[in-house]
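In: Curious how this folds, go ahead:
(one chain, ligands or ions: 2)
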Amino acid sequence: ARFVSGSMEDTAFAQRVVREAQLALGGLDMLILNHVGASYFGFFDGDVEHVRKLLEINFLSYVAMATSALPMLKESEGSIVVVSSMAGKVGFPFTVPYSATKFALDGFFSSLRQEFTIQSINVSITLCILGFIDTGESRAVPALLRAGHPHPGSFSCPLCPPLSLSPLLQGDPTCLP
Ligand SMILES: NC(=O)C1=CN([C@@H]2O[C@H](COP(=O)(O)OP(=O)(O)OC[C@H]3O[C@@H](n4cnc5c(N)ncnc54)[C@H](OP(=O)(O)O)[C@@H]3O)[C@@H](O)[C@H]2O)C=CC1
Ligand SMILES: CC(C)CCC[C@@H](C)[C@H]1CC[C@H]2[C@@H]3C(=O)C=C4C[C@@H](O)CC[C@]4(C)[C@H]3CC[C@]12C
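Out: Ligands and ions are numbered 1, 2, ... in the order given. Just a heads-up that it's a prediction; the model follows:
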């Protein structure tokens, strides 16, 4: 495997990764955009700088990489895959900055897809809407909810008040509308 180390909060770095891929591979069939910066699970704390930084990592770098990769993807009639979340489709408490970055991805890439159709550009754009997955930082979330954090006492799913979120986090999707 090849890698380029750096941080996606710097759009120049995001563009460099694509250039390095071009030099190393000579073209690109697929661009999978997946990384996310660390955030917190709790009530919005008013930190606007955190929202800006998260937008740079989770949103702007995706825009920069897709834009830089587009000539290669047009050439190969390839694909862009954008990893998003249910929190990027429905407002959900305790993930305000993260959710904003995922909604932004939907706005940008779903609109771009429409333009590709109008212009007959044969590059597919797939937005993946994932539910809860037991990885990285997210591992702490079910325990936080079970412990009544960040809201004291238990709380219910805002979309279906009679049902608790716990079954959903344990893999039972019956809470979904
Ligand atoms: N887990 C979940 O419940 C859900 C996840 N998703 C989505 O799935 C995707 C993957 O999530 P998941 O695997 O859980 O996330 P993790 O938090 O486990 O991993 C995040 C990855 O992003 C990288 N990263 C973090 N900050 C930066 C940065 N500044 N520059 C470059 N890379 C960075 C990390 O690299 P390093 O390890 O080197 O720091 C790490 O590889 C994301 O798009 C997420 O939104 C969607 C719905 C639910
Ligand atoms: C219709 C709704 C009731 C569905 C609610 C689903 C909720 C519980 C699911 C859907 C998407 C999930 C979050 C997610 O996408 C990614 C992360 C990043 C990780 O670092 C920390 C955990 C976090 C915030 C997940 C927390 C749980 C979320 C909000």
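
In: Tell me which residue lies nearest the centroid of the chain.
Out: residue 84 (3.7 Å; CA atoms, centre = their mean).

In: How about that residue: what's its closest non-neighbour residue?
Out: The shortest distance from residue 84 to any non-neighbouring residue, by CB to CB, 6 or more residues apart in numbering, is to residue 102 (4.8 Å). (Each C-beta comes from the backbone N, C-alpha and C, glycine too.)

In: likewise residue 55?
Out: That would be residue 101: by CB to CB, 6+ apart, it lies 5.4 Å from residue 55.

In: what's the helix or strand where the one you found lies in contact with?
Out: Under the criterion of DSSP states H and E, residue 101 resides in helix 96-118. Helix 96-118 has contacts (CB atoms under 8 Å, 6 or more residues apart in numbering) with 36, 39, 44, 47, 50-51, 54-55, 57-59, 62-63, 66, 80, 82, 84-85, 87-89, 91-92, 121-123, 125, 127.

In: Of those, keep whichever come out buried.
Out: Burial by neighbour count, 16 or more other CB atoms under 10 Å: within the contacts of helix 96-118 this picks out 36, 39, 50-51, 54-55, 57-59, 62-63, 66, 80, 82, 84-85, 87-88, 92, 123, 125, 127.

In: just checking: which of these also lie near ligand 2?
Out: 85, 87, 92 (CB under 6 Å from any ligand atom).

In: what's the first-to-last distance across stretch 25-35?
Out: This stretch, stretch 25-35, spans 21 Å end to end (CA to CA, to the nearest Å).

In: With stretch 29-48 instead?
Out: 37 Å.

In: List the buried residues for that stretch?
Out: In stretch 29-48, counting by 16+ other CB under 10 Å, buried: 31, 33, 36, 37, 39, 40, 41.

In: Hmm, residue 79 and residue 29 touching each other?
Out: Yes. If you go by CB atoms under 8 Å, residue 29 and residue 79 touch, sitting 7.1 Å apart.

In: Mutual contacts of the two, please.
Out: Common neighbours of residue 29 and residue 79 (CB under 8 Å, 6+ apart) are residue 73.

In: about what we covered before: near the residue nearest to residue 84, how many other residues are there?
Out: Residues near residue 102, counting by other CB atoms under 10 Å, number 23.

In: The one 3 residues further on now?
Out: Neighbour count of residue 105, defined by other CB under 10 Å: 20.

In: Residue ranges of each domain in the protein, please.
Out: Taking automatic domain parsing as the criterion, the chain consists of the domains 13-132, 134-177.
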